[in-house]
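*Asks:* what follows is a predicted structure for the sequence shown.
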Amino acid sequence: MSELAYATAEHHPYWNLIYSCSEIANTVLEKWKNNLSKKDIDDIEWAIKELHQSLEKIREKNHDSI
């Protein structure tokens, strides 16, 4: 999944969704048998904010095209 996220063109409207999701998944999978550090949690929170911002942009663009 990470390879797809890194290979997806940044100009595509959905690229940041894939990228942010893959970052969250990578962090969680790396710490699957351990505890998440404060930095890990901060990174996940940042990626979630990126997801929200990306979804809002997509929502606005879809609304504008109606």
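*Replies:* It's in.
*Asks:* which positions in stretch 26-42 come out as buried?
*Replies:* Thr27, Asp40 (16 or more other Cβ atoms under 10 Å). Bear in mind the C-beta positions are built from the backbone N, C-alpha and C, glycine included.
*Asks:* how far does that stretch stretch from one end to the other?
*Replies:* 14 Å (Cα to Cα, to the nearest Å).
*Asks:* what is the neighbour count of Gly47?
*Replies:* Careful, residue 47 is Ala and not Gly. Neighbours of Ala47 under the rule other Cβ atoms under 10 Å: 20.
*Asks:* so what's it scoring on pLDDT?
*Replies:* Ala47 is assigned 97 on the pLDDT scale.
*Asks:* and Thr8, by the same measure?
*Replies:* Confidence score, pLDDT, at Thr8: 66.
*Asks:* cool, and the one 5 residues further on?
*Replies:* Pro13 is assigned 81 on the pLDDT scale.
*Asks:* tell me the contacts of it?
*Replies:* Lys57, Ile58, Lys61 (Cβ atoms under 8 Å, 6 or more residues apart in numbering).
*Asks:* assign it to helix, strand or coil.
*Replies:* Look at Pro13: counting by DSSP: H, G, I helix; E, B strand; the rest coil, its state is coil.
*Asks:* ok, it to Ile58 distance?
*Replies:* 6 Å (Cβ to Cβ, to the nearest Å).
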